[in-house]
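In: Quick one, fold the following:
(one chain, ligands or ions: 2)
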Amino acid sequence: MAAINVESLKVLSEKYPKPSYRFGYGTAGFRMKAELLDSVVFRSGIVAALRSKKLDGKVIGCMITASHNPAADNGIKLVDPLGEMLESSWEAHCTAIANAESNEEIIDYIHTMVNNLKIDLTKPANVVIGRDTRPSGKGLVEAFIDGLKVLDATYTDHGILTTPQLHYITRCLNTAGTPEAYGEPTAEGYYKKLAAAFKVLVEGKNKLSPLILDCANGVGAPKFKEFLPYLGDALSCKIVNDDIDNPVNLNLNAGADYVKVQQRAPVGLKTAPNERYASFDGDADRLVYYYQDDDGTFRLLDGDKIAGLAAMFIIDIVKAAGIDSISVGVVQTAYANGASTQYLRNTLNVPVSCVPTGVKYLHHEATKYDVGVYFEANGHGTVLFSPTALKTIYSTEGSTPAQAVAVRSLRALSEVINQAVGDAFSDLLLVEAILTQRQWTPKVWDQAYTDLPNRLVKVVVKDRSIFKTVDAERKLVEPAGLQDAIDAIVLKFRDGRSFVRPSGTEDVVRVYAEAATRPETDELAFRIGGLVFDYNSCGSGTRPREFI
Ligand SMILES: CC(=O)N[C@H]1[C@@H](OP(=O)(O)O)O[C@H](CO)[C@@H](O)[C@@H]1O
Ligand SMILES: [Mg+2]
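Out: Ligands and ions are numbered 1, 2, ... in the order given. This next block holds a predicted model:
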């Protein structure tokens, strides 16, 4: 077994001293103020190399991004070979190495991993790297590469990419030359693949009016501009919020997270009735749509609405293709609007599963269906085609011309939708293709069901780790008695639903509430917020004034 180059580790590690901070690899990797990240990112380079060696030299991905967070933040996420999130048992290794207090501790931990996980250090290690537009990204990539050097890993640095592009490239590299080959492992390969599939889907249909696309002043802007020439006149799109030269503008009053949470259009975007708008988040893995109604009301078409549209369309097209062996299922989290779940179950008659927050749970559950549609309400999601479904789609030609057209569309759908991870570019093309095929305005799409009013409230608590949930985070088991108190309040509200869970990415507890009307929803949310804040004196700081 090759030894670890202890001398090189020591020299390189000195460049990245650990601040006194307790790091945790959470739902979205490590994410925090960029100036705290050097040591974490350096050490993540070591873990990435170990992961690759453990998997016989398969390529591991590294994305430097803090998604929808402000420009001063950054983060790192490691990506497994098929473009999935890092296997969860390795999150603990990332956390442990990030928190080692000395070089000796780092070395000890590497040895423990090598022994316990039977990692053969003589195996090669290969890593591929991408980053978003944050100014801190470049330096962090250098720190990461120094981490890779400790174990002599080979790497390719792709510079600026969207998060889903990095996932795509990782999957392409690891499937090359196999029957599951996913595509050319470059941004160009990605554009060509998606554009070709999209063109099949909209062929011969009347073009829609131009889409107005808010890129959150993030990486989506330069990358979608790069993409547009490949789409040619198949998509007409006007890009706004594309200022990446002034980092302070990143995600500022714009982007998918702002639009979803504030339930309003980005600041400065003047909306006109029945135009179609969409927003990416800062690393282009989330997408929401919206429009303004005739009476001037802002209408949001979020991840739940996208999931409903996709499921409806796929069910129809599978039927039109004369295939009866492919079933569609949808995966949501507790944050899905109750009206969307009803629509999926009662109108579309599809099975719906509810899983804990975090894409890794949704993705995993979606693989259980022939075609698994998964979306978080915030607009992160995709549609997975199982190997059996793909085999069926590619071995059928359809026995009538209409069936043949549907089969062709179905194949193109499986190509346009990113199978590695939720992808705002790919989801945008999916939505645009469906709206084009149907010749639907956003208003027609919106008519599938009416969202229940909902509200998300944060409660700052002294210790969020005392909040323990079960039943896909919909019920609290600790602190004891709190769930009964919540239930007693919810009962008093028409169509009331509320749940409380600790955030996996912020130091807060989240309260979600929905009810029949906006005033009732707000009252429910603020009552539960107040209840949590007061319960056993859980709350920290000043009690928010709106809490009841
Ligand atoms: C209510 C909500 O939107 N939660 C988000 C947020 O998780 P929390 O664990 O709620 O902080 O960040 C996650 C990572 O980006 C995302 O997957 C999730 O949907
Ligand atoms: Mg994101």
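In: Next up, the contacts around the residue in the stretch 101-250 of the chain that ligand 1 sits nearest to.
Out: Closest residue of the stretch 101-250 of the chain to ligand 1, CB to the nearest ligand atom: residue 163 (10.3 Å). Backbone N, C-alpha and C define where each C-beta goes, glycine included. Contacts for residue 163 (CB atoms under 8 Å, 6 or more residues apart in numbering) come out as 63, 65, 67, 77, 130, 132, 283-285, 421.
In: Just the buried residues of stretch 337-357, please?
Out: Using 16 or more other CB atoms under 10 Å as the test for burial, stretch 337-357 gives 337-341, 343-344, 348, 350, 352-357.
In: which one of those is nearest ligand 2?
Out: Ligand 2 lies nearest to residue 357 out of the buried residues of stretch 337-357, by CB to the ion, at 14.0 Å.
In: Which pLDDT value does the model give the nearest residue to the closest one once chain neighbours are set aside?
Out: What sits nearest to residue 357 in space, not counting adjacent residues and going by CB to CB, 6 or more residues apart in numbering, is residue 333, at 5.1 Å. Listed pLDDT for residue 333 reads 98.
In: which SS state does residue 74 fall under?
Out: Secondary structure, DSSP: H, G, I helix; E, B strand; the rest coil: residue 74 is strand.
In: Pairing-wise in the sheet, spell out the partners of it.
Out: According to DSSP bridges, the residues that bridge with residue 74 are residue 32.
In: That one: neighbour count?
Out: Residue 74 sits with 27 neighbouring residues when counted by other CB atoms under 10 Å.
In: again with residue 71
Out: The local packing of residue 71 (other CB under 10 Å) involves 21 other residues.
In: how near is the nearest residue to residue 490 once chain neighbours are set aside to ligand 2?
Out: With sequence-adjacent residues excluded and distances taken as CB to CB, 6+ apart, residue 490 is closest to residue 496, at 4.5 Å. As for residue 496, its distance to ligand 2 is 31 Å (criterion: CB to the ion, to the nearest Å).
In: Surely residue 496 and residue 517 touch.
Out: No. The pair residue 496 / residue 517 is not scored as a contact, 10.8 Å apart, by CB atoms under 8 Å.
In: Show me the helices in the stretch 1-150 of the chain, by range?
Out: For the stretch 1-150 of the chain, applying DSSP state H, counting those that start in this stretch gives helices covering 6-14, 38-54, 88-99, 103-116, 137-150.
In: looking at those helices, which has the lowest confidence?
Out: Of all those, the minimum mean pLDDT falls on helix 6-14 (a mean of 93).
In: Give me every residue in the stretch 51-200 of the chain lying close to ligand 2.
Out: For the stretch 51-200 of the chain, the residues in contact with ligand 2 (CB under 5 Å from the ion) are residue 67.
In: which stretches of the stretch 51-200 of the chain have low pLDDT?
Out: Judged by pLDDT under 70, the stretch 51-200 of the chain has no weakly predicted residues.
In: OK, now which residue of it is nearest to ligand 1?
Out: residue 67 (5.9 Å).
In: Contacts only, for the nearest residue to that residue once chain neighbours are set aside.
Out: Among residues not flanking residue 67 along the chain, residue 283 sits closest, at 4.7 Å (CB to CB, 6+ apart). By CB under 8 Å, 6+ apart, the contact list for residue 283 reads 63, 65, 67-68, 132, 162-163, 218-220.
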